[in-house]
Each structure stands twice: as C-alpha cells, then as structure tokens.
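Asker: I'd like to go over a predicted model; first the sequence, then the structure.
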Amino acid sequence: MTTILAVGLATTAALAAPNAAGAVGAVSAGERSVSPVGTWEGTVQHAEGLGDVTLSFHRNGVLCLRSGDGGEGGGEGRGRWHATGGNTLSYQVTERLYDGTGATVGFVRVDQRGVQHAQRIKSDGLSKIYDATGTHLATAPAHVEVRRISTAPEPC
C-alpha cells in the first residue's frame with residue numbers, strides 16, 4: 001500500500017476538458033481570452049516531491065496526461081478541461097498508475113484549477129489516490145507547472 005501511495009503521489013498530475021462551445025468560456029470586458037490547446041510539459045509537486053508530467057489539451061475539451069518515465073512505471077490518463085474565464089481553466093482526469101511491467105497498481109483522480117499566462121500554466125488542486133481495486137488510499141494537494149512545447153495536442 002505504501003508503494004502504491006508513493007507511486008500515486010509521484011505521478012499525480014493535471015488535466016481536463018473544454019465546454020461544448022469549444023473550450024472558450026465567458027470572457028468579461030477587459031479580459032483577454034487565451035487557449036491551452038496544445039502539448040505542455042513540466043512538473044507536478046506534491047508531498048512526496050516532484051515528478052514529470054505532459055498534458056495535451058484538445059480543442060474538443062479532451063485532456064490527455066502522461067507522467068513518469070514508463071521504464072520504472074508511470075501514469076497515463078484521459079479527462080476533460082474547460083475554460084472558466086479569459087485565462088483560467090479547470091481540468092479533471094483519471095490517471096491509471098502502472099509499474100515497470102505495465103501492470104495497473106492504482107488510479108489517481110486529478111482535479112485542478114489553473115491560470116494560463118502566455119506559454120505557461122500553473123494549477124493547484126487535490127488528487128484522490130486509489131489502489132488497483134478502487135480502495136481510496138489518500139487525498140493529497142498537488143501543484144502543476146507546465147510550459148507549452150507545441151500548439152498541436154498529442155493523441156491520447
């Protein structure tokens with residue numbers, strides 16, 4: 001259980017999906033609308049330290065997530081994102097955690113709220129960590145900082 005929790009915290013990451021209007025939320029007067037559509041790389045910080053994360057925001061509100069290096073294990077997930085303002089967004093994703101053999105060792109339910117400043121997004125939220133059978137193990141805060149590496153999203 002400790003290993004699953006450590007892997008879960010080490011790979012916890014952010015992602016999300018847009019609204020039916022194509023991921024553009026209401027923008028008030030004076031607010032500049034930006035789009036997160038594309039591929040972003042960076043880190044997720046949590047109680048257990050720092051981990052690598054890649055997020056791909058699709059125009060239709062789909063969000064894809066990858067974490068870890070894959071060789072020793074990691075995470076992959078799909079979720080939804082939506083704009084909450086001119087440069088704010090929220091995203092939710094369910095991330096499958098796997099070990100070095102590819103076997104599922106748990107899941108993380110990621111729920112983040114963030115701000116996009118040009119080519120960077122910073123978000124904060126809570127992640128709920130579950131073992132492979134769906135038993136809730138912990139809830140932990142997470143902070144994500146990513147930078148855009150491409151305006152084209154990677155496929156899920």
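Answerer: Looks like it arrived, so ask away.
Asker: Please verify my assumption that residue 153 contacts residue 39.
Answerer: Yes: contact criterion CB atoms under 8 Å: residue 153 and residue 39 qualify, at 5.7 Å. Using the backbone N, CA and C atoms, a C-beta is placed for each residue, glycine as well.
Asker: out of these two, which sits in the more crowded spot?
Answerer: residue 153 (20 against 17; other CB atoms under 10 Å).
Asker: can you pull the contacts of that one?
Answerer: By CB atoms under 8 Å, 6 or more residues apart in numbering, the contact set of residue 153 is 37, 38, 39, 56, 57, 58, 59, 64.
Asker: any chance you could map the helices in the protein?
Answerer: Assignment of helices within the chain using DSSP state H yields the ranges 2-11.
Asker: So which of the contacts of residue 153 belong to strands?
Answerer: Using DSSP state E, the members of the contacts of residue 153 that fall in strands are 38, 39, 56, 57, 64.
Asker: Excluding sequence neighbours, find me the nearest residue to the first one.
Answerer: Counting by CB to CB, 6 or more residues apart in numbering, residue 151 is the residue found nearest to residue 38 once chain neighbours are left out, at 4.3 Å.
Asker: Can you read off the pLDDT for that neighbour?
Answerer: In this prediction, residue 151 carries a pLDDT score of 97.
Asker: wait, isn't it in contact with residue 40?
Answerer: No: here residue 151 lies out of contact with residue 40, judged by CB under 8 Å, at a distance of 10.5 Å.
Asker: ok, now how distant is the closest residue to residue 97 other than its chain neighbours from residue 130?
Answerer: Nearest residue to residue 97 in three dimensions, chain neighbours excluded: residue 106, at 4.4 Å (CB to CB, 6+ apart). Relative to residue 130, residue 106 is positioned 6 Å away (CB to CB, to the nearest Å).
Asker: Same drill for the two, tell me which one is more crowded.
Answerer: Neighbour count, other CB under 10 Å: between residue 106 and residue 130, residue 106 has more, with 25 against 18.
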